[in-house]
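With the sequence up front, the predicted model follows.
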Amino acid sequence: MKVAVTFPIPEPAKTLLSDLFDCRFWESEVPIPSDTLAEWLSEVEGVLTTLTCPLDEASLSGASHLKVISTVSVGVDHIDVDFAKSQNIMIGHTPGVLTDSTADLAIGLMLAVGRRLAEGDALVREGAWSDGWKPNLLLGTDLSKSTVGLVGMGPIGQAVAKRLAGFGCRVIAWNRTHRDVPGVEFMDLNTLLSSADIVSLHTALTDETRELITRERLSLMKDQAILINTARGAIIDEVALVDELASGRLRAGLDVYNEEPLPADSVFHSLPGCVLLPHVGSATQRTRQAMFELALRNLVSGMRGETLPAAL
Ligand code: DGY
C-alpha cells in the first residue's frame, strides 16, 4: 500500500512509515508543487501532510485510491473537508496534544506585548540602555487583574482561561455555541470586544469565522487594548488590523497571519506595539512529538480501514 508524505519529517517517522508502506517523501523545505502533489495523490491510499500543503478539491479530485488524510495539525482549514468526505476519504488531525503549548504561548504573548519584552530585549542588545533604572523606562500594562476576552472556548480557550485565573484576571468569553465554564462570564462578541483590555482568539478557521473580527469589530476595542492571535490569520480583517496598529490605537501579539511566511516587504515588520512570532504555538519538543505520534496512528489506522484515534 502506498503513502505520500508532503513535507520533510523526522528520520524515525520515515523509518517507521517505510517499514509499513511503500512511501514517497517530499524532502525539500520548498512546498511540494501542485502538479507533483496531484501525481502522487493519484497513486496513494494514504497521505501524511500538514498545514503548509493545501489539499483542495483540485488536488484531491484525481486521488481515486485515497482512503485517509492525516494532518500533523489540529487545524484543517488547508483541507477541503466537505469534498474529502464526499469521496469517503477519512481525515485525521491532532487535537488535544497541543492545547497546553498553545495556551502557554498566548499567555506569553499577552505578557510580551503588555510588558514590552521585545523592546526591552532590543534596547539591551543594541547597547542603548545607558542610564540604568529610570522611573519611566518602558512602562507597560499589567496582565494581572486585567479583563481578558477569549473568542472561542474550545479546549485551548479553556486552557487559557485556567492560566488567567492565576493572574487574577476577569475572564470574559464568547463562543458560537453555549458553554458553561466556571469562573468565565459569557457574553456577545461585540460586548466582549468593547469590555476587554486584552482579546485573545481561540476559534478554528471555518467559513463562519473567516474575518469574524471585522474592521467595525476592531473599532469597538478599547484604546490601547491588545489583540492576541495564536489561531489563524484569516480570522481577522488583516488590512483593518494593520490600520489600527499603524495608528498606535491597538497593540497586538501575533503568531499567525493571512500569508505565511510573512513576505519580506510585509507592512507588519514596521508596525509599533506588536510582538510577531512565526507560527510557533505548538512548537515545543514534547508537543511536536505528540502531534507526530498521533498523526502516524491516524494514518496507520486509516490505511488498515480502522477508526482513526482522532478523526474529524
Ligand atoms: C495547528 O496544529 O493547527 C497549529 O496551527 C500548528 O501546530
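Here it is on my side, so go on. Numbering: from 1, shown residues only.

Skipping its backbone neighbours, what lies nearest residue 129 in space?
Nearest residue to residue 129, sequence neighbours excluded (Cβ to Cβ, 6 or more residues apart in numbering): residue 123, at 5.1 Å. (C-beta placed from N, C-alpha, C; glycine too.)

no wait, residue 210
That would be residue 234: by Cβ to Cβ, 6+ apart, it lies 5.4 Å from residue 210.

same thing with residue 188?
Closest to residue 188 by Cβ to Cβ, 6+ apart is residue 174, at 6.6 Å.

Kindly report the same for residue 307.
Nearest non-adjacent residue to residue 307 (Cβ to Cβ, 6+ apart): residue 301, at 6.6 Å.

unless I'm mixing things up, the one you found is touching residue 294, no?
No - judged on Cβ atoms under 8 Å, residue 301 makes no contact with residue 294 at a distance of 10.6 Å.

dump the residue contacts of residue 154.
When contacts are counted by Cβ atoms under 8 Å, 6 or more residues apart in numbering, residue 154 touches 175, 202, 203, 204.

for residue 266, same thing?
Applying Cβ under 8 Å, 6+ apart to residue 266 gives the contacts 257, 259.

need the contact list for residue 253.
By Cβ under 8 Å, 6+ apart, the contact set of residue 253 is 109, 110, 112, 113, 226, 227, 228, 229, 274, 275, 277.

can you tell me the average pLDDT over the helix or strand harbouring it?
Taking DSSP states H and E as the definition, residue 253 sits inside strand 251-254. Taken as a whole, strand 251-254 has an average pLDDT of 98.

Likewise for stretch 67-80?
98.

Kindly report the same for stretch 209-227.
Stretch 209-227 shows a mean pLDDT of 98.

With stretch 47-61 instead?
Average pLDDT, stretch 47-61: 96.

got JSON lines for the contacts of residue 253, with distance to residue 56, secondary structure and neighbour count too?
Shown next, in JSON lines, are those (distance: Cβ to Cβ, whole Å; DSSP: H, G, I helix; E, B strand; the rest coil; neighbours: other Cβ atoms under 10 Å):
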{"residue": "109", "distance to residue 56": "31", "secondary structure": "helix", "neighbour count": "27"}
{"residue": "110", "distance to residue 56": "35", "secondary structure": "helix", "neighbour count": "26"}
{"residue": "112", "distance to residue 56": "35", "secondary structure": "helix", "neighbour count": "22"}
{"residue": "113", "distance to residue 56": "35", "secondary structure": "helix", "neighbour count": "25"}
{"residue": "226", "distance to residue 56": "34", "secondary structure": "strand", "neighbour count": "27"}
{"residue": "227", "distance to residue 56": "29", "secondary structure": "strand", "neighbour count": "27"}
{"residue": "228", "distance to residue 56": "29", "secondary structure": "strand", "neighbour count": "29"}
{"residue": "229", "distance to residue 56": "24", "secondary structure": "strand", "neighbour count": "25"}
{"residue": "274", "distance to residue 56": "31", "secondary structure": "strand", "neighbour count": "22"}
{"residue": "275", "distance to residue 56": "32", "secondary structure": "strand", "neighbour count": "22"}
{"residue": "277", "distance to residue 56": "27", "secondary structure": "coil", "neighbour count": "17"}
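
Pick out whichever of the residues you listed sits closest to residue 27.
Residue 27 lies nearest to residue 277 out of these, by Cβ to Cβ, at 26.3 Å.
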